[in-house]
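Asks: Fold the following for me, if possible:
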Amino acid sequence: MYDQMSGRSEAVECGLPDDAGGAVVKQLRGLGQDEFAWVRVADPSQGELVELAEELGLHPPAVEDALHGRRRPKRERFGDVLAVALKTLRYVEEEAAVETGDVMIFVGPRHLSNNAGCRAGANAVAG
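Replies: Residues are numbered from 1 along each chain as shown. So this is what the prediction gives:
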């Protein structure tokens, strides 16, 4: 969490993976007026993402993109939230391969959230 007035920032531990979605939502609800949150969710479940989306006011088609991955790079604005889909590349030297993945980023007035949907080895291209 980042407090704009004091310049103070802190990492917030959100508990175990099974209850992480609820813990993040609880932290977001407790944000002060001058605070900004950056939420990173790795391979979120549908329930976690839906819960987070409701709290952050994310548009349903953008949430669908985040859930299903393998999206094309794009950016869309939904009200005061910007949704950006990006492709990632990682070179695996031992295998002479390039792994690809997806990242979905949502930027709102008081939050930046992203899901790292890239699973190692899921989409490898031999070089």
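Asks: check contacts around the spatially most central residue of the chain.
Replies: Nearest to the mean C-alpha position of the chain, counting by CA atoms, centre = their mean, stands residue 114 at 1.6 Å. By CB atoms under 8 Å, 6 or more residues apart in numbering, residue 114 lies in contact with 39, 40, 41, 103, 104, 105, 106. In short, each C-beta sits where N, CA and C put it, glycine included.
Asks: Now the second one. Nearest residue, chain neighbours left out?
Replies: In this case it means residue 40. residue 114 (5.6 Å; CB to CB, 6 or more residues apart in numbering).
Asks: follow-up on the earlier one: can you turn the buried part of the contacts of residue 114 into a ChimeraX selection?
Replies: To isolate the buried subset of the contacts of residue 114 in ChimeraX, counting by 16 or more other CB atoms under 10 Å, use the following:
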select :39,41,103,104,105,106
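Asks: Determine which two of the contacts of residue 114 are furthest apart.
Replies: For the contacts of residue 114, the farthest-apart pair by CB to CB is 39 and 103; their separation is 13.2 Å.
Asks: Count the neighbours of residue 33 for me.
Replies: Neighbour count for residue 33, taken as other CB atoms under 10 Å: 8.
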